[in-house]
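1. here are the coordinates; sequence isn't available:
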């Protein structure tokens, strides 16, 4: 049984700090975005789902492309740095938005940044960590990422509490404040992440229509990988934007400042237990934790569908943190295990792309269902999560039977 590493590489720690600052900025804005769209810009709920779906889909399309480019160039850091810079730029520009169309454009810019950085960043973590400690490395990264998700809403709460003015004035000021942390994240990846020493391919193939089409061919992925992606796709069709959890809580009486506390609370759970879950996956395997996480998600969404009081919502948000703990870093480590070493960036990107592309229909479905009844998206998500749990359990038995 492998022991946890005594220390993490400089790359892993530096990328963790980058994600910490990025999530401070992102979650500070994200928790207030539905309120800004609904109360200030008067956008209908269906438009909120459309914005999130389009933005996440734009991000997803780029993840496999950026992963492939990083494989081809033999460099991960430059693409990741550009991605973080795009995310940092989008936050203060949000303060100038006069309509939901501008918010859509800036959310797409932010998610393009995420699409550029995700696969190269995960490949950097993978390549700087021995396989037997990979879960712990991704667990540390996820913990620092989630710590930012805790601090972001709390700093946002402090900002909203200290500054006077209308809701619109406060929210626009908050977006500018968030941009400061995005800038710090960009400077951190530029200055603190070590320069890569792996040389680029000696005879790289020229970029062509044929080589680009090969990039997206499903059959090039290993069979075991494809099966997992089908299950993840089903799960995510019911895993709509967390904006709907925020709107659901608001419909049950939570004020904007209380939503910040609520969002911070569920992230505390993941921040506290993220490394523990990663190390447990190194020892006990990834799939048992992911299966449990899917089941917890089904329970949370089922509970949100029937929740009738504030105390229940608080408990479900904390349980939602358990789902994140069991799945987010562990799934990344599992995908890294499945990916072929010579196509690591591409195949890690393929996971993020396939999962992310379904977020557009997922958010549109959730937006339509929420318009009919705030409970309906959660009934739908609970059912798809339960089906995915059963399929993943069956998949785990097939994978175990194939191992020597």
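-> Sure, I can see it. A quick note: this is a predicted structure, and the numbers were derived from the prediction, not measured.
2. hmm, which helix or strand of this protein has the shakiest average pLDDT?
-> Ranked by mean pLDDT, DSSP states H and E, the helix or strand of the chain with the weakest confidence is helix 209-215, at a mean of 46.
3. what's the spacing between the helix or strand following that one and its chain's center?
-> Downstream of helix 209-215, the next assigned helix or strand under DSSP states H and E is helix 223-237. For helix 223-237, the separation from the chain centroid amounts to 17 Å (computed by CA atoms, centre = their mean, to the nearest Å).
4. okay, and for this protein, where does confidence drop off?
-> 1-6, 196-220, 402-404 (pLDDT under 70).
5. Tell me which residue lies nearest the centroid of it.
-> Using CA atoms, centre = their mean, the residue of the chain that lies closest to the mean C-alpha position is residue 328, 7.7 Å off.
6. got the buried residues for the helix or strand harbouring that residue?
-> Using DSSP H and E, the element containing residue 328 is helix 310-338. Buried residues in helix 310-338, defined by neighbour count with 16 or more other CB atoms under 10 Å: 313-314, 316-317, 319-336, 338. For glycine as for every other residue, the C-beta is placed from the backbone atoms N, C-alpha and C.
7. With stretch 102-114 instead?
-> Under 16+ other CB under 10 Å, the buried positions of stretch 102-114 are 103, 104, 105, 106, 107, 108, 109, 110, 111, 112, 113, 114.
8. contacting residues around the helix or strand that comes right after the helix holding residue 328?
-> The helix or strand immediately downstream of helix 310-338 is helix 344-357, counting by DSSP H and E. Outside helix 344-357, the residues that touch it by CB atoms under 8 Å, 6 or more residues apart in numbering are 56-57, 59-61, 63-71, 76, 115, 118-120, 122-123, 126-127, 215, 221, 225, 229, 232-233, 236, 332, 335-336, 338-340.
9. picking up where we left off before, what packs against the helix holding residue 328?
-> helix 100-127, helix 134-162, helix 223-237, helix 243-251, helix 256-284, helix 287-306, helix 344-357 (3 or more CB pairs under 8 Å, 6 or more residues apart in numbering; DSSP states H and E).
10. List just the one of those that sits closest to residue 396.
-> helix 287-306 (4.3 Å; CB to CB).
11. May I see the buried residues of that closest one?
-> For helix 287-306, the neighbour count (16+ other CB under 10 Å) marks 287-305 as buried.
12. chain center to that helix, what's the gap?
-> The answer for helix 287-306 is 17 Å, by CA atoms, centre = their mean.
13. Quick check: which helices or strands does it pack against?
-> For helix 287-306, the packing partners by 3+ CB pairs under 8 Å, 6+ apart come out as helix 256-284, helix 310-338, helix 376-402.
14. With distance to residue 176 added, can I get those in a markdown table?
-> Formatted as a markdown table, the helices and strands packed on helix 287-306 follow (distance: least, CB to CB, whole Å):
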| stretch | distance to residue 176 |
| --- | --- |
| helix 256-284 | 17 |
| helix 310-338 | 28 |
| helix 376-402 | 32 |
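15. out of these, nearest to residue 48?
-> helix 376-402 (12.0 Å).
16. quick check: angle from the closest one to helix 243-251?
-> If you take axes from the mean of the first three to the mean of the last three CA atoms, to 10 degrees, helix 376-402 sits at 140 degrees to helix 243-251.
17. Tell me which other helices or strands helix 376-402 touches.
-> Looks like helix 376-402 contacts helix 223-237, helix 287-306, helix 359-372 (3+ CB pairs under 8 Å, 6+ apart).
18. Residue 42: neighbour count?
-> Other residues near residue 42 come to 10 when the count uses other CB atoms under 10 Å.
19. So it versus residue 383, what's the distance?
-> In this view, residue 42 and residue 383 are 33 Å apart by CB to CB, to the nearest Å.
20. For residue 237, give me its contacts.
-> 358, 361, 362, 365, 384.
21. would CSV of those residues with distance to residue 52 and neighbour count be doable?
-> Shown next, in CSV, are those (distance: CB to CB, whole Å; neighbours: other CB atoms under 10 Å):
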residue, distance to residue 52, neighbour count
358, 13, 21
361, 12, 14
362, 9, 27
365, 12, 19
384, 18, 21
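22. Tell me the one of the residues you listed nearest residue 14?
-> Distances from residue 14 to the contacts of residue 237, taken by CB to CB, are shortest for residue 358, at 31.6 Å.
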